[in-house]
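Colleague: This is a predicted model, with the sequence first.
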Amino acid sequence: MSEFKITHSPEGRRFEIWDGNSAGYVEYEIHDGGLDILHTVVPFHMEGKGVGSALVKAAYDWARTEGLSPVATCRFARIWLERNPAYS
């Protein structure tokens, strides 16, 4: 997966990457002016390819365009924010 095609599913409140059979995704909620990533799910065969980071970045990039602050209930997203202070 050298190039990621990420889709946003507003009705499902998630960003997704499909490989044909399964999806990696982040689920979020919007509250109090923030986009809160609740879960980051990456299937085993997609791990180690930057899928989780690409999904979190896409979600927070979208949040910026909507005037929302990044919030992270998800442990992976919290670590991502610590490593990417420009988003904090």
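Modeller: Cool, the structure landed. Numbering: from 1, shown residues only.

Colleague: Identify the residues contacting G24.
Modeller: Neighbouring residues of G24 by CB atoms under 8 Å, 6 or more residues apart in numbering: E16, I17, V41, V42, P43, M46, V51, G52, L55. All C-beta spots, glycine's among them, are computed from the backbone N, C-alpha and C.

Colleague: Pull up the gap between the nearest residue to the third one once chain neighbours are set aside and T40, please.
Modeller: Right, the one you point to is V41. Excluding its sequence neighbours, the residue lying closest to V41 (CB to CB, 6 or more residues apart in numbering) is Y25, at 5.4 Å. Y25 sits 8 Å away from T40, going by CB to CB, to the nearest Å.

Colleague: shared neighbours, the two?
Modeller: Joint contacts of Y25 and T40 (CB under 8 Å, 6+ apart) are L55.

Colleague: Could you state which residue of the chain sits nearest its centroid?
Modeller: Central residue of the chain (CA atoms, centre = their mean): V56, 2.7 Å from the mean position.

Colleague: How much space separates that one from G20?
Modeller: Taking CB to CB, one finds V56 at 22 Å from G20.
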